[in-house]
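**Q** Fold the following.
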Amino acid sequence: MDRMDDLIAFLRARLDEDAATARSGDEWTVNNQRNLVAGPTRDEKAKYHLVAVVVEDTERTHIARHDPARVLAEVDAKRRVLDEFVTSLNEKDKEHDETFGLQNWDFDPTALPLLQLLVLPYADHPDYRPEWAPTPR
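**A** Sure, this is the predicted structure:
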């Protein structure tokens, strides 16, 4: 159970970091010069600062698509998935405990692989553990 709890705690901490970073930034948009800028609003008269000078339309589209609002929406969605997952595991764990007198998430073969996939984007984080890596395909 410790391994699962540690994985969940690690993922929650990374999502908190992602959200904090996204909240520290302004809204992103593309200005009249086709550069990516950040400012408090999309109002062209508002003060803004340059985020990136983008040459290619595809680069600009990609960068703008990952603005702070999008990151916050993704963090929220991932938190909700994780909460649903943990609730489901806890319910299965309670049923298993009542039936077999054990309290262990390891009886669910989907639990660990799904969590390993959710934390995979954070594999470069110093607190990521090699044993959390998913099984190669």
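
**Q** Number of residues surrounding Lys47?
**A** Counted by other CB atoms under 10 Å, the residues lying close to Lys47 total 10. Placement of C-beta: from N, CA and C, glycine included.

**Q** which one is it nearest to, not counting chain neighbours?
**A** Leaving aside its sequence neighbours, Lys47 sits nearest to Gly39 (CB to CB, 6 or more residues apart in numbering; 6.1 Å).

**Q** count of residues packed around that neighbour?
**A** Quick note: Gly39 (other CB under 10 Å) scores 18 neighbours.

**Q** do Arg3 as well
**A** There are 14 residues near Arg3, going by other CB under 10 Å.

**Q** Same question for the one 4 residues further on.
**A** Here the number of neighbours of Leu7 (other CB under 10 Å) works out to 20.

**Q** My read is that it contacts Leu117, right?
**A** No: counting by CB atoms under 8 Å, Leu7 does not reach Leu117; the two are 10.8 Å apart.

**Q** what's the weakest-modelled helix or strand in the chain?
**A** strand 49-52 (a mean of 65; mean pLDDT, DSSP states H and E).

**Q** downstream neighbour of that strand in the secondary structure list?
**A** Where DSSP states H and E defines the elements, the next helix or strand beyond strand 49-52 is helix 57-65.

**Q** distance between the helix or strand just after that next one and the chain's centre?
**A** Note on helix 57-65: by DSSP H and E, the next helix or strand toward the C-terminus is helix 68-100. Centroid separation for helix 68-100 versus its chain: 13 Å, with CA atoms, centre = their mean, to the nearest Å.
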